[in-house]
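Undergrad: Turn this into a structure:
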Amino acid sequence: PTALASFHLIEVNEVYTNADGSIQYVELIARSALQTNLGPTHVEALNTDGTVTMMVFDFTASFPALDNGETILIATAGFQAVAGFAPDFVMASGSLISFPDGRVIFDRDGVGGPVDSVAYGDYTGTNSGFGLPAAALPCDGVHSLTRVSSSFPPNNAVDFAIRVNSPRRNDGSNTTLNPGIGADCNANGLSDSCDIAIGDSLDLNRNRIPDDCEDRGDFDGDGDVDLGDYRRLHD
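TA: Coordinates of the predicted model:
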């Protein structure tokens with residue numbers, strides 16, 4: 001039976017980010033027994049047009065137990081403080097997972113195409129073999145992009161939906177993250193950081209406060225409209 005151990009029947013099951021990208025995770029799920037040979041695989045994330053690739057996590061060894069229906073969880077260091085338990089693997093912080101548009105891939109090292117992939121939002125890069133992009137990745141801290149089916153041939157637009165997040169570690173530990181939305185100056189139910197990230201609000205002066213919540217014309221964020229704002233507008 002050990003000769004059957006592989007990684008070919010593993011899928012991306014859930015992708016999550018909060019508003020500032022400090023808490024992110026990717027959950028993988030096995031669709032058969034003995035999917036433990038993770039050494040020659042990795043998880044990567046692509047930006048909106050697929051031109052920039054970020055290494056989310058590079059597996060370097062086999063995993064002891066990953067049978068049918070079991071999951072493994074890769075998350076940022078900030079995950080544990082909110083979830084109450086550590087993930088199976090820790091990924092680097094810094095918004096490696098692009099949002100609201102992008103692509104996450106479970107891939108083999110070297111040659112060969114992706115084992116599984118989910119493109120989402122207005123992703124415009126290649127997603128050959130996995131259909132149309134799914135809905136945009138939420139950043140409200142409550143919802144995630146979650147697998148709801150495994151169609152054949154694969155189609156991300158059908159196989160993923162927006163659901164309340166539900167990260168699950170390999171040993172079965174699970175929770176629902178609710179880190180709070182933070183500042184919400186326009187009271188739309190999304191954090192200011194999320195509004196800016198998804199493009200619903202502008203932040204021309206880059207002070208992390210939506211411009212529609214500040215005095216109109218105060219582009220340098222000093223509390224008034226003066227020549228400094230004029231210069232910033234024409235930079």
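
Undergrad: low pLDDT regions in this protein?
TA: 1-5, 179-193, 195-209, 211, 214-226, 229-235 (pLDDT under 70).

Undergrad: mind listing the strands for it?
TA: Counting by DSSP state E, the chain has strands at residues 10-17, 24-30, 41-46, 53-58, 71-76, 89-91, 102-108, 116-120, 143-147, 160-164.

Undergrad: Surely M91 is in contact with I74?
TA: Yes - counting by CB atoms under 8 Å, M91 touches I74, with 5.2 Å between them. (Glycine included, C-beta is placed from N, CA and C.)

Undergrad: what residues do these two have in common as contacts?
TA: Jointly contacting M91 and I74 under the rule CB atoms under 8 Å, 6 or more residues apart in numbering are Y25, V26, V43, V56, F57.

Undergrad: any chance of those in CSV, with distance to E14 and neighbour count too?
TA: CSV is the format used below for the shared contacts of M91 and I74 (distance: CB to CB, whole Å; neighbours: other CB atoms under 10 Å):
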residue, distance to E14, neighbour count
Y25, 7, 23
V26, 7, 28
V43, 12, 23
V56, 13, 23
F57, 15, 22
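
Undergrad: Closest to S166 out of the residues you listed?
TA: If you rank the shared contacts of M91 and I74 by distance to S166 using CB to CB, Y25 comes first, at 10.8 Å.

Undergrad: from memory the closest one sits against P167, does it?
TA: Yes - counting by CB under 8 Å, P167 is a contact partner of Y25 at 5.5 Å.

Undergrad: Next, show the common contact partners of the two.
TA: E14, Y16, L73, A75, F79, P87.

Undergrad: show me the contacts for the nearest residue to the third one once chain neighbours are set aside.
TA: Among residues not flanking L73 along the chain, P87 sits closest, at 4.2 Å (CB to CB, 6 or more residues apart in numbering). By CB under 8 Å, 6+ apart, P87 lies in contact with Y25, L73, I74, A75, F79, Q80, P167, R169.

Undergrad: The second one: neighbour count?
TA: By other CB atoms under 10 Å, the residues close to L73 number 25.

Undergrad: Looks like it contacts S166 (just checking).
TA: No - at 10.8 Å, L73 does not count as touching S166 under the criterion of CB under 8 Å.

Undergrad: thinking again about what came up before, and the shared contacts of M91 and I74, which is closest to L227?
TA: V56 (45.2 Å).

Undergrad: Just confirm the closest one contacts L28, I think it does.
TA: No - counting by CB under 8 Å, L28 is not a contact partner of V56; they are 10.8 Å apart.

Undergrad: list residues touching both of these two?
TA: Counting by CB under 8 Å, 6+ apart, the residues touching both V56 and L28 are V43, I74.

Undergrad: picking that back up, what about M91 and I74, which has more around it?
TA: M91 (23 against 20).

Undergrad: Who are the contact partners of the more buried one?
TA: Per CB under 8 Å, 6+ apart, neighbours of M91: Q24, Y25, V26, V43, V56, F57, I74, A75, T76.
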